[in-house]
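*Asks:* sequence and predicted structure, then a few things I'm wondering about:
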Amino acid sequence: MTYCVGMRLDAGLVFLSDSRTNAGVDQVGTFRKMSVFENPGDRMMVLMTAGNLSISQSIRQLVAEHVCVDGSTIWNAPNMYEAARIVGEAVRTVHKRDAQSLSEFGIDFNVSLIFGGQIKGERCRLFQIYSAGNFIESHNENTYFQIGEAKYGKPIIDRVVNPLTPLDEAAKCALISMDSTLRSNVSVGLPLDMLVYETDRLAVTRFVTIDEKNQYFQMIRSTWGEQLKHVFEGIDDPIWDAAPDATMNVLSSTNMNSKPVRIALPPTIAPVVLDVAPLQSLAQEFNQTQH
């Protein structure tokens, strides 16, 4: 599995991918998921892939070489939409060629892609391309796409990133998102590839491969964990069975009448009668000490 994230901002684009490929717990490989299609001064495009590795590599090779019936290629497409269409066509070509054979061996045609960049004469654009070759484009309401193990790193991006976010802050957010994924899923792993592109440069501006020795990423991993713990500890604990007039940190009050769904005891089991008075007295004393 893998995790890739791409962000489209007013200031440019941010791409981040891991390099872990799994075929079982004892078959772990490293394959880079990010490919750059660049003609400096004319276009800079990035393709990131997740899913079946053989399918991904076939699509990447075909995108680089494919010529449509009208003579268009990714190298001469007039805009990013047409370039994304060519990538989608490559996906469908590989599906037509390989899907049936894979199916006979019980293997699904599983691939997803993030494709983005800038072609001279238009703004930066970002697309997510699906297994059927269809795609959607990022807009201001949705400034990023994720593929692969997306759920672990999504919350921080939702809280932080918007079109006005500076590139360095977006890069930092992407790394925190990746760190959350690395900690929660062993199918995602180092090294990482990060590319940060500044609008209208029409060439790769910043790129780094990040391994376990990278000083900044190690700082991110330790600092983010410490800060999360500090914030967590600074949030007040809930107050249970608070007085009706209590207004602060009340999770449960005496007038809420909350009850669990209780399953009836079988007729063969006699219920035990509890004396709850001592427990109520202790709860009242505890609440008084909190005010």
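*Replies:* Perfect, thanks for sending it. Numbering: from 1, shown residues only.
*Asks:* report the buried residues of stretch 83-93.
*Replies:* For stretch 83-93, burial by neighbour count (16 or more other Cβ atoms under 10 Å) applies to 83-91, 93. Placement of C-beta: from N, CA and C, glycine included.
*Asks:* check stretch 200-214 too.
*Replies:* Under the neighbour-count criterion of 16+ other Cβ under 10 Å, stretch 200-214 has 202, 210, 214 buried.
*Asks:* from the residues you listed, which single one is nearest Gly148?
*Replies:* Nearest to Gly148 among the buried residues of stretch 200-214 is Ile210, at 16.9 Å by Cβ to Cβ.
*Asks:* find the nearest non-adjacent residue to the closest one, please.
*Replies:* Excluding the flanking residues, the one nearest Ile210 by Cβ to Cβ, 6 or more residues apart in numbering is Leu192, at 4.2 Å.
*Asks:* in contact with the one you found, which residues?
*Replies:* Shown in contact with Leu192 (Cβ atoms under 8 Å, 6 or more residues apart in numbering): 16-19, 175, 178, 209-211, 217.
*Asks:* what is the lowest-pLDDT residue among those?
*Replies:* Lowest-confidence member of those: Ser19, scoring 90 (pLDDT).
*Asks:* so how far is Ala84 from Arg123?
*Replies:* Taking Cβ to Cβ, to the nearest Å as the measure, Arg123 falls 14 Å from Ala84.
*Asks:* which residues touch the spatially closest residue to Gly121 that is not a sequence neighbour?
*Replies:* Excluding the flanking residues, the one nearest Gly121 by Cβ to Cβ, 6+ apart is Asn79, at 7.6 Å. By Cβ under 8 Å, 6+ apart, the contact set of Asn79 is 119, 121-122, 125.
*Asks:* now swap in Pro238 and tell me
*Replies:* 249-252.
*Asks:* now it: how far from Val272?
*Replies:* 28 Å.
*Asks:* kindly state the pLDDT recorded for the residue nearest to Gly121?
*Replies:* Model confidence at Asn79, given as pLDDT, is 98.
*Asks:* give me phi/psi at it?
*Replies:* phi -160, psi 170 (degrees, to the nearest 10).
*Asks:* ok, it to Phe207 distance?
*Replies:* Taking Cβ to Cβ, one finds Asn79 at 24 Å from Phe207.
*Asks:* quick revisit: over to the residue nearest to Ile210: give its phi and psi.
*Replies:* phi -110, psi 150.
*Asks:* repeat for Gly12
*Replies:* Note on Gly12: backbone dihedrals following degrees, to the nearest 10 are phi 150, psi -150.
*Asks:* one step back: closest one to Ala264 out of the contacts of Leu192, please.
*Replies:* Ala264 has its nearest neighbour among the contacts of Leu192 in Met178, at 49.6 Å by Cβ to Cβ.
*Asks:* this completes my enquiry, with thanks.
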